Structure formats: structure tokens, C-alpha cells
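S.K.: Sequence first, then the predicted structure, then my questions.
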Amino acid sequence: MKNNLKGWLYLLPAVLFLGVFMVYPLIDVFVYSFEEGYNFASQTYFGVGEYNFSYVLHDPYFLQALKNTFILVVITVPLSTGLALLISVGLSSIKKLRELYQTVYFLPYVTNTLAVGLVFMILFKQTPYSDGLANTVLSWFGVAPIDFIGGPYWAKMLVLCIYTIWVVMPFKVLILTSALASVNETYYDAAKVDGTSKFRIFRKITLPMISPTLFYLIITGFIGAFKAYSDAVALFGTDLNAAEMNTIVGYIYDMLYGNSGGYPSYASAAAIILFVIVLTITCINLLVSRKNVHY
Amino acid sequence: MKVTLKNLTKKFPSRNKKNPAPVVAVNDFSLDIEDGTLIALLGPSGCGKSTTLNLLSGLQKPTGGEIYFGDDDVTNLPPENRGVGLVFQNYALYPHLTVKQNITFPLENRKGKDKLSKAEMSDMATEVAKLVQIEELLDRKPSELSGGQQQRVAIARALVKEPRILLLDEPLSNLDARLRLQTREEIRRIQRSTGITTVFVTHDQEEAMSISDMIVVMKEGVLQQKGRPQEVYDDPCNLFVAKFLGTPPVNVFDGEIKGGKLYIGNEAVMSFDAPDATVDVAIRPEGFTLEGEGCFTCSLDRVEVMGRDISVVAGHAASQNDVIRAIVDSDNLDTLKGDKVVFGLKPNKVYVFNKTTGERI
């Protein structure tokens, strides 16, 4: 009993902070999401029910944000993970200049999001003086200039996807390179002596060996992509609804503090919807991984 | 399959910037391995025995020299075309595959006309599993097996592709003492029943002597001596080999040859026909005797009874070891009293070596 008390004492700081800043707000959000027309200032609401959810799910801005977020997730998670795997396998199989390449691939990770946004502006934004680097390159192939930042939906989505992949990849490369390095050399030697082709070694030995890491990256990748917001802001500014580039987190923010803001109930409902989506996807991920991840 | 190594040399580039001379792991190594024999490469760690094995498997390329399997020059063949089965020290079983999948792994690599059907592979796996007695473990994962069982699976995986030679890298070092005894018998049995030419690397002289047809003692990349275990033990060509083989180890003394007699300290212990010189004298523990008249006086330290034999722990001013160990018949127990013991020596267990070169005289 005495030991127990001591244990709780040690845990107290963590429990206190997590309770105040994590658990309480979580419960609060859940409560808000069912309180119709909650007002921060007066702390009042009209009634209790599922109206908030029904409003949010019928709000065209939310549906747009939902669509954007899903497209972003579906495109960027597999692509960034796949590319990161390709790059790390490449990095592990070269000896010369390996450190240089590792540094180059890791640079985006330590670069400020908004600075990266600026670089993308130079690449993609049309100004009175230039059409942006991307358009310059496209013009060599006779493609008419495209307004990537203020133009058609697909062009904006393309830039957002490229941006997201570029930002999230370094971390994945880093983790995968170390996972690859931790695979015992003798497995490869054993496979070599048995005349296993390079591709089969990769598929039958390397991939299963790093599968726990790979699935960790996929799961965190999904969660991260669902929470996308700052990337869109860096590219398209704060009025994301006007740019048709809003995300779910962006919608929640707008509902709270944006120009059309002041609706904590709607924001909470949207947050709960996001939570349910992420929870579902993560559960599916875990179920799939149980079949495919070894150990 | 007869295996021939001709002047095999392997140098590794130096990592030490102050001393750019390459590290010579294997130095001008020549060896003939007869078909169907079990041969042990024996030596202390860092003597180049594992490198020699890697050169045989093709995982490393020699800097010089040639390797023949039968009449085929395989020196420049990649590992997959050599037809070797290799068992690693840590077994290198794929942890995500079952025992059966591990064993069939090499078979699945076959392409073209050598390609096997699932049923054929399964049959071959079952057959080899029977040979190493693991039929009932085929559906388990390696992590669910004991060390000895993993060892058998590794051997099965190496044998299933019917290699021309089987290579074992320190096959017993990850097993506990009892399992080691059992497994080495097992390796011997498997080798006998398949008749496959087998090379195994070990630093344990007892292991090497007990199961191999032939042992090869190496030191610093150089072949010291090769021969049947008993031959090498009875007739070591230099001091290193004499010291390396045998438990308890050989007793070494500072000695001198003077006027056709071998002296240790002030005592002439036996006649020895060689020019006068200072020498190292090595005497096997079983080379001491208490029967008849003694000629070699030592201080008696203590007596350890081992049942059939007794081990006499003694001391001598000229001894290079801390203590002298003599193994004598237990009948002599009563005669060992006081603080002195006078041994007789069996001439065929006494080896005399050149003090500077270490070569046998």
C-alpha cells in the first residue's frame, strides 16, 4: 500500500498535466458537440441533441474539407511511404556520398513549414514577372501556363500533395534507413549463398524484417495526414474556404476563430467526426497489420 | 567432392591510417580436402579460419590463389553458383518463416528447368527434416525452437539443396555444454550418412578432435599443421600446435640440450640426439609417470582425484606455466606424499622445440 502511494506520487505531475490538458478537454469537446448553440461568453446553450452533427455534415464547406482531406490522405500516405522506402533502400545500398544524400534528404525535416511554403511559391506561384519555375519547365514541353496557386482545383490539390509528401518524407526516410541498417547481415549472406535474387531478398527478407517499422510509419502517416492544416495555410493563405482547399482541422479552426467563427458546438462536432474517422482507419490498419507484420 | 585450395591469400585494406599495410587474414594457404571427409579448421580467434570459410563459400573474394571443387575452378564464381551449403554461427534462420518455409527457401530460388513443384519441395523438405530429426517441428517458427533444434534446422536448410560441400561456421558455439556434446555427434552422424565433404570452423580443440577426420591448425592466417587428430596431437610440428591441442594443456619448460642429453633445470631427463642448444620442452600431462625410477624432480603442490586418474599439480623453477599438471594412474595415490615428487617421462610425449623459431627439433 505504501509502495502504491509512492508510485502515484511519482505519476502525479504527468497525471495532473494530462488530466488538465488532455482528458478534460477531450471530455469537454464531446460534451460541447451535443450542446446546441453553445456560447462561450454566456456559457449557455439552447438544448441537447445531434443537431450540431447534422449541421456540420450538411455544411458544404465541411464536405469540401472532408473531400480534400481524404484525397490528401489517399494520395500522400502511400506515395510518401513508398518513395521513402525506395530512397532508403537506395541509400543503404550505396557507399559513396551516402552521408551527403542522407543530409540532403533530411533537410526538409528541419526546415520551417512557412519557409518551405515560400520555396513552393517560387516554384508554383504566378506573379506579374514570372509564371513560376514549374511553369517555366512545363513551357519547354509546350504546356500552357497553369495557375497552380489560384487556378483549377486539381492544380491546387497537386501542389498541396507534392508539398505534403515533400514535408513528411524525410522523417520516414530516416526511420526506414535505420530499420534497414538493423537487419542482420547474415540473413542476406544466407540468402546469397542459396542463390536468392535481389528482388526476392527484398520481398521475402528485407520487407518482412522491417514490416513493424513500415506499419508504424503508415499508421502515423494516416493520422498525420488527417490532421493536415498548416501545409494548406502555407500555400493558400488563411482563407482556405475561398480557395476550396480547406481541411477538416482547418474547418474546425475556422468554426472557432475564423471570420465566420464563434461556433464551438459545430467545431466540437467536426472534431468528434474527425476523431471517429481516425479511430476507424487506425483500427483497420491494426487489423491489416496483424496479418502482415511479423514478430 | 574433393576440394583444393591453392596458395589462397586474403588481404583486407587497413583501417588504421598510421599503418596503411593491409591486414593479411589468410596467408598463402594450400590444402587438399579429400572427398567425403569431415575437416575442422582450428585456431584461436582472429586466425583467419572464418575468412577461409567465407572464401570457400564465395561470400568473400580471395586476393590471390585458387579454389577448386573437384576439377572446377570456382575462385571467381559467386556464392550461388558454387553449390555450397553454409550454416552460420547464429544460424540465420528467417524469423518470419516457419521451419518448413526456411528449409524450402533455397529450393524456391531455382529457375527454369530446375524449378520444382510445391509437392517436390515439400517432399525434399520432409526428407531432410527426417535426416536431422525435426519432422515434428516443421510448422513452428524459429523463435519457438531450442538452440539445438535451430541448429538442426539450419543444417537442414543447408543440406536440402544437395550442396557439393557443407560449410559450418562455429556450429556449436551458441549451444550449452551438454547440447554441444550431443550436437557434435549429430553433425558427425549426418555427415556420415550423407557422405558430403564438410568443412567446419571452431576454436574448440576438443570439438575438432572428437568428430573430424582431419584437423587443420591455423595461426595468423598461416596453416600450421594438418593431419588426423591423433597424429597432430601426438606429433605437433611446432610449439603453438602443441600448446593449442590437449586438455589439460601441455606443460612447457625452459630446457637445454647438452652433450646428447636433454636437461630441464639441472636434471638430465632423457637422452636426446641433437646439437647443443637452449630449447623449449613441452610435456603432455599424460607424459609423466610414477612407475620405475624417476628422473625429474618437482615440488608437489596438491593432488586432484578424478576417479580413474589423478591429476598431480606440481611446480618447477623452469616451468613456463604457473603450475605443472600431470595425469597419472590413481594406483599411485598412496605414493604421493611430502612436498616433492619425482616423475619419470614417456619419451614419445616429450616434444622439444627451437627456442626462437618454435619449430620441433
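M.R.: That came through, no problem. These numbers come from a predicted model, not from an experiment. Numbering: from 1, shown residues only, chains lettered A, B, ... in the order given.

S.K.: When you work out contacts or count neighbours from here on, use the C-alpha atoms and nothing else.
M.R.: Noted.

S.K.: what about the helices in the chain?
M.R.: Since no chain was named, I'll use chain A. Taking DSSP state H, the helices of chain A run over residues A:2-18, A:24-32, A:51-58, A:60-93, A:98-110, A:113-124, A:133-140, A:153-181, A:185-193, A:198-201, A:207-226, A:230-236, A:248-257, A:264-292.

S.K.: oops, I was thinking of chain B
M.R.: Using DSSP H, helices in chain B cover B:49-57, B:99-108, B:118-131, B:147-159, B:177-194, B:205-211, B:229-234, B:239-244.

S.K.: Tabulate these (JSON lines), appending mean neighbour count, distance to residue A:264 and mean pLDDT.
M.R.: Output for those, formatted as JSON lines (neighbours: other C-alpha atoms under 10 Å in any protein chain shown; distance: least, C-alpha to C-alpha, whole Å; pLDDT from 0 to 100):
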{"stretch": "helix B:49-57", "mean neighbour count": "24", "distance to residue A:264": "69", "mean pLDDT": "91"}
{"stretch": "helix B:99-108", "mean neighbour count": "24", "distance to residue A:264": "57", "mean pLDDT": "92"}
{"stretch": "helix B:118-131", "mean neighbour count": "17", "distance to residue A:264": "63", "mean pLDDT": "90"}
{"stretch": "helix B:147-159", "mean neighbour count": "24", "distance to residue A:264": "61", "mean pLDDT": "90"}
{"stretch": "helix B:177-194", "mean neighbour count": "15", "distance to residue A:264": "70", "mean pLDDT": "87"}
{"stretch": "helix B:205-211", "mean neighbour count": "19", "distance to residue A:264": "77", "mean pLDDT": "88"}
{"stretch": "helix B:229-234", "mean neighbour count": "17", "distance to residue A:264": "87", "mean pLDDT": "92"}
{"stretch": "helix B:239-244", "mean neighbour count": "20", "distance to residue A:264": "82", "mean pLDDT": "92"}
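
S.K.: The stretch 151-295 of chain A against chain B: which residues are in contact?
M.R.: Within reach of chain B by C-alpha under 8 Å from any C-alpha of the partner chain, the stretch 151-295 of chain A has these residues: A:186-187, A:189-197, A:205, A:208-209, A:294-295.

S.K.: And the stretch 1-150 of chain A, by the same measure?
M.R.: Residues of the stretch 1-150 of chain A lying near chain B (C-alpha under 8 Å from any C-alpha): none found.

S.K.: Look through the stretch 1-150 of chain A and state the residue closest to chain B.
M.R.: residue A:95 (15.8 Å; C-alpha to the nearest C-alpha).

S.K.: Nearest the geometric middle of chain A, what residue?
M.R.: Geometric centre of chain A, nearest residue: residue A:225, 2.2 Å, by C-alpha atoms, centre = their mean.

S.K.: Run through the residues that contact that one.
M.R.: The contact partners of residue A:225, by C-alpha atoms under 8 Å, 6 or more residues apart in numbering or on different chains, come to A:69, A:72-73, A:76-77.

S.K.: same check, this time on residue A:89
M.R.: A:177, A:180.

S.K.: Share the number of residues neighbouring the residue of chain A found nearest chain B, please.
M.R.: The nearest approach of chain A to chain B comes at residue A:195, 4.0 Å away (C-alpha to the nearest C-alpha). Neighbour count of residue A:195, defined by other C-alpha atoms under 10 Å in any protein chain shown: 22.

S.K.: Surely it is in contact with residue B:81?
M.R.: Yes - look at residue A:195 against residue B:81 with C-alpha atoms under 8 Å: they come within range, at 7.3 Å.

S.K.: Any residues of the stretch 101-250 of chain B in contact with chain A? List them.
M.R.: Residues of the stretch 101-250 of chain B found near chain A (C-alpha under 8 Å from any C-alpha) are B:106, B:109.
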